[in-house]
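Got a predicted model here, sequence first, then my questions.
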Amino acid sequence: MANEALALSGIDAYYGDSHVLHDVTWSLGEARLLGLLGRNGAGKTTCMNVTMGVARPRRGAVTLFGQNIAGRAPEDIAARGIALVPQGRRVFRSLSVHENLLVAARKPEAGGKHAPWGFQTVYAAFPRLKERRHHLAGHLSGGEQQMLAIGRALMANPRVLLMDEPSEGLAPRIVAEVMATIRRLKEQGLSIVLVEQNAKLVFDIADDIVILNSGQVAVAGTAAGLRDSGIDLHQYLGIY
Ligand SMILES: Nc1ncnc2c1ncn2[C@@H]1O[C@H](COP(=O)(O)OP(=O)(O)OP(=O)(O)O)[C@@H](O)[C@H]1O
Ligand SMILES: [Mg+2]
């Protein structure tokens with residue numbers, strides 16, 4: 001793919017003896033949004049862990065803007081311009097909103113083409129976080145914590161943003177807000193991987209789709225192409 005931001009190629013990953021990812025290959029184009037779908041346990045989070053260097057693949061390559069990053073330390077990988085909004089949000093509950101953002105702050109790359117993120121821009125994007133900036137993160141609602149988790153990832157000024165089930169456990173109205181935020185980030189030119197179990201949410205926003213099933217890529221294509229193909233996704237995803 002021309003202008004590839006991130007690619008996993010032929011990844012095999014294990015937890016101990018348990019073989020979780022089998023020859024997984026997918027790629028994210030620059031300024032595109034890839035929806036990564038699959039049921040519980042399909043291997044979505046493991047793909048995130050492998051990308052971020054938290055899990056080490058036994059085989060295969062992870063390339064970020066053309067450089068192989070597989071096997072590098074997580075800090076080194078993060079410093080190359082990729083950030084993860086982890087599943088379950090994982091904000092620092094005993095720190096304030098402001099402190100959560102502060103610890104994640106990283107200067108934008110010199111000459112980077114995206115508007116640099118900092119307190120001002122994050123608070124402008126999430127006015128609710130600004131209002132609550134002195135509150136402990138543990139006292140925020142689920143939706144506010146999700147906004148904080150996204151804001152924290154943005155403070156690192158990534159070129160590639162990974163989001164692991166950001167809608168999980170949120171009320172529909174809040175999910176709509178989170179999706180609107182993701183849409184804005186995409187419009188600003190960020191390259192995004194959106195992990196989801198809810199196919200409807202992803203097809204509304206994604207350029208490209210990958211569906212994992214038992215640690216293997218079962219379906220891959222453009223969202224528009226898959227929508228038109230009439231392929232039955234329920235066998236991989238359950239019913240939505
Ligand atoms: N730390 C771990 N140790 C051992 N096995 C694990 C570990 N984490 C995940 N697994 C197993 O690896 C497989 C893939 O898990 P993974 O978390 O990648 O799935 P997922 O697609 O993110 O699922 P979910 O939608 O529930 O978050 C599952 O069978 C899971 O039980
Ligand atoms: Mg997961």
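Thanks, I have the structure now. Ligands and ions are numbered 1, 2, ... in the order given.

what helix or strand is N49 on?
helix 44-52 (DSSP states H and E).

Would you map the strands across this protein?
If DSSP state E is used as the criterion, the strands of the chain fall at 4-15, 18-29, 33-37, 59-64, 67-68, 82-85, 160-164, 191-196, 208-213, 216-222.

From the chain's centroid, how far away is the second one?
Its chain's average C-alpha position is 15 Å from that of strand 18-29, according to Cα atoms, centre = their mean, to the nearest Å.

The fifth one now?
Centroid displacement of strand 67-68 relative to its chain, using Cα atoms, centre = their mean, is 19 Å.

I'd like the distance between whatever residue of the chain ends up closest to ligand 2 and A55.
Nearest residue of the chain to ligand 2 (Cβ to the ion) works out as T45 at 3.1 Å. All C-beta atoms are positioned from the backbone trio N, CA, C, and that covers glycine. From T45 across to A55, the span is 9 Å (Cβ to Cβ, to the nearest Å).

quick one on the thing from earlier: number of residues surrounding the residue of the chain closest to ligand 2?
Neighbours of T45 under the rule other Cβ atoms under 10 Å: 21.

now A73
With other Cβ under 10 Å as criterion, A73 counts 10.

before we move on, the earlier item: which one, of the strands of the chain, ends up nearest to Q146?
Across these, Q146 has its closest neighbour in strand 82-85 (8.0 Å, Cβ to Cβ).

Now the closest one: buried residues?
Of all the residues in strand 82-85, those buried under the rule 16 or more other Cβ atoms under 10 Å are I82, A83, L84, V85.

And for stretch 24-34?
So for stretch 24-34, counting by 16+ other Cβ under 10 Å, buried means V24, W26, S27, L28, G29, E30, A31, R32, L33, L34.

Who are the packing partners of the helix holding N49?
Identification of packing neighbours for helix 44-52 by 3 or more Cβ pairs under 8 Å, 6 or more residues apart in numbering; DSSP states H and E yields strand 4-15, strand 18-29, strand 33-37, helix 74-79, strand 82-85, strand 160-164, strand 191-196.

pLDDT on that helix, on average?
In this model, helix 44-52 carries a mean pLDDT of 97.

go on, stretch 219-239?
pLDDT averaged over stretch 219-239 gives 84.

Does it reach ligand 1?
No. Stretch 219-239 stays clear of ligand 1 (Cβ under 6 Å from any ligand atom), getting no nearer than 10.8 Å.

Equivalent analysis for stretch 79-86, please.
No. Stretch 79-86 lies out of reach of ligand 1 by Cβ under 6 Å from any ligand atom, never closer than 10.7 Å.

Mind listing residues that contact that stretch?
By Cβ atoms under 8 Å, 6 or more residues apart in numbering, the residues outside stretch 79-86 that reach it are 6, 48, 51-52, 64-65, 67, 69, 106, 109, 146, 149-150, 152-154, 156-164, 166.

Any of those buried? List them.
6, 48, 51-52, 64-65, 69, 146, 149-150, 152-154, 156-164, 166.

returning to what we had before: mind putting the strands of the chain in JSON lines, distance to L102 included?
Converted to JSON lines, the strands of the chain look like this (distance: least, Cβ to Cβ, whole Å):
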{"stretch": "strand 4-15", "distance to L102": "27"}
{"stretch": "strand 18-29", "distance to L102": "29"}
{"stretch": "strand 33-37", "distance to L102": "28"}
{"stretch": "strand 59-64", "distance to L102": "25"}
{"stretch": "strand 67-68", "distance to L102": "29"}
{"stretch": "strand 82-85", "distance to L102": "15"}
{"stretch": "strand 160-164", "distance to L102": "19"}
{"stretch": "strand 191-196", "distance to L102": "24"}
{"stretch": "strand 208-213", "distance to L102": "34"}
{"stretch": "strand 216-222", "distance to L102": "38"}
